[in-house]
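**Q** Task: produce atomic coordinates for the following.
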Amino acid sequence: MENQHNVSEFILLGLSYDNNIQIFCFVLFLFCYIALLVGNLVILVSIRCSPLFDQPMYYFLIHLSTMDICYTSTVTPKLIGDLLVERKTISYGNCMLQVFAVHFFGSIEIFILTAMAYDRYVAICKPLHYMLIINRTRCNLLVLAAWVGGAVHSFPQLSMIMQLPFCGPNEIDHYFCDILPVLKVACTDTYITGVLVIANSGLVALVTFIVLFFSYIVILFTLRNQSAEGRRKALSTLGSHITVVILFFGPSIFIYLRPPTTFSEDKIFALFYTIIAPMFNPLIYTLRNTEMKNAMRKVWYQTLFSKEAHN
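**A** Numbers count the residues shown, from 1 in each chain. Sure thing, here's the model as predicted:
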């Protein structure tokens with residue numbers, strides 16, 4: 001690969017040249033990243049230390065929280081650090097790694113969201129067979145399928161981009177190495193590669209979104225026959241799922257499902273699926289969920305009180 005490029009590093013142009021905006025973004029994204037880490041770790045510990053871990057929905061939620069942390073950590077710490085320096089550089093190897101990691105963890109997250117929608121569909125539409133259909137073996141298989149799907153999606157993207165020659169311009173108009181901005185600095189015509197990227201990333205996002213959308217329609221249709229209490233509880237859970245899906249998929253589809261080109265607004269849209277949606281996930285899933293709130297209360301109260309009693 002080495003002989004195909006003589007660019008050893010790329011310069012990231014970042015979000016803005018304005019110093020004040022950069023300082024504001026530094027404080028904002030540092031807060032977002034800490035909130036994301038704390039929120040997701042609280043979810044992980046709360047579910048792991050409570051009986052909720054045995055329920056499929058929360059088993060998937062543990063994996064979603066883990067993916068949120070992995071996915072955002074591929075982009076956000078570097079972004080936060082870069083906001084404090086004048087020259088934002090990233091080595092060729094780290095840039096390729098970032099392209100791969102963003103797509104790998106991002107697509108696993110998408111597939112886990114799909115597994116969660118399937119879980120809700122079975123819980124609401126086939127409640128009597130729920131424990132039979134969504135057993136732990138099937139949960140493990142769905143999570144494994146999400147990881148395999150992530151690899152099948154991201155390895156071809158990486159191999160396509162690593163075969164491109166990079167020989168001159170090395171300024172990437174973005175705050176991280178995303179595949180379309182990187183294509184722009186390659187020393188060759190990348191139109192076909194761009195189309196393949198759209199076919200891969202864009203279709204993954206679109207097809208998953210359509211599947212989720214139809215599953216929610218079927219669920220809402222089925223809810224008409226349920227009791228008012230059952231309907232309220234199901235709608236509360238479903239509401240949180242739909243919010244997460246819109247926050248994550250809306251910007252992804254806008255960026256990846258169009259002719260291979262880049263706009264300056266892409267950076268703002270990318271913030272939604274790299275930082276904002278993963279940060280809101282813990283809030284959305286906990287604030288709208290009574291079971292989760294009770295589990296958190298129990299786990300954390302017990303921890304605090306047992307410490308006080310010990311002291």
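**Q** In this model residue 26 seems to touch residue 83, though I could be wrong.
**A** Yes. With contact defined as C-beta atoms under 8 Å, residue 83 counts as touching residue 26 (4.0 Å). The way it works is simple: take the backbone N, C-alpha and C, and place the C-beta from them, glycine included.
**Q** Please say which of the two ends up with more neighbours.
**A** Between residue 83 and residue 26, counted using other C-beta atoms under 10 Å, the more crowded position is residue 83 (23 against 16).
**Q** measure residue 194 to residue 172 for me?
**A** 15 Å (C-beta to C-beta, to the nearest Å).
**Q** Setting aside sequence neighbours, what's the nearest residue to residue 129?
**A** Closest residue to residue 129 apart from its sequence neighbours, by C-beta to C-beta, 6 or more residues apart in numbering: residue 122 at 7.3 Å.
**Q** how close does the one you found get to residue 289?
**A** Counting by C-beta to C-beta, the gap from residue 122 to residue 289 is 18 Å.
**Q** Residue 54 now?
**A** Look at residue 54 and residue 289: by C-beta to C-beta, they are 16 Å apart.
**Q** Between those two, tell me which one has more neighbours.
**A** Between residue 54 and residue 289, counted using other C-beta under 10 Å, residue 289 has the larger neighbour count: 20 against 10.
**Q** where in the stretch 1-150 of the chain is pLDDT low?
**A** Counting by pLDDT under 70, the ranges of the stretch 1-150 of the chain that qualify are 1-5.
**Q** Strands along that one, start to end?
**A** Under the criterion DSSP state E, counting those that start in this stretch, the stretch 1-150 of the chain carries strands at the ranges 9-12, 89-91.
**Q** Show me what counts as buried in the longest one.
**A** Buried residues in strand 9-12, counting neighbours by 16 or more other C-beta atoms under 10 Å, are found at 10, 12.
**Q** likewise the last one?
**A** Residues of strand 89-91 classed as buried under the neighbour-count rule (16+ other C-beta under 10 Å) are residue 90.
**Q** pretty sure residue 23 is touching residue 29, no?
**A** No. Between residue 23 and residue 29 there is no contact under C-beta under 8 Å: 11.1 Å.
**Q** Now list whatever residues contact both of the two.
**A** Common neighbours of residue 23 and residue 29 (criterion: C-beta atoms under 8 Å, 6 or more residues apart in numbering): residue 83.
**Q** Going by how many neighbours each has, rank these two and give me the top one.
**A** residue 29 (23 against 12).
**Q** how close does the more buried one get to residue 158?
**A** Taking C-beta to C-beta, one finds residue 29 at 26 Å from residue 158.
**Q** Counting by contacts, list what the longest helix that the chain contains packs against.
**A** Longest helix in the chain, counting residues (DSSP state H): helix 92-125. The contact analysis (3 or more C-beta pairs under 8 Å, 6 or more residues apart in numbering; DSSP states H and E) places helix 92-125 against strand 9-12, helix 56-73, helix 130-133, helix 136-162, helix 179-184, helix 203-223, helix 228-256.
**Q** That concludes my questions; thank you for your assistance.
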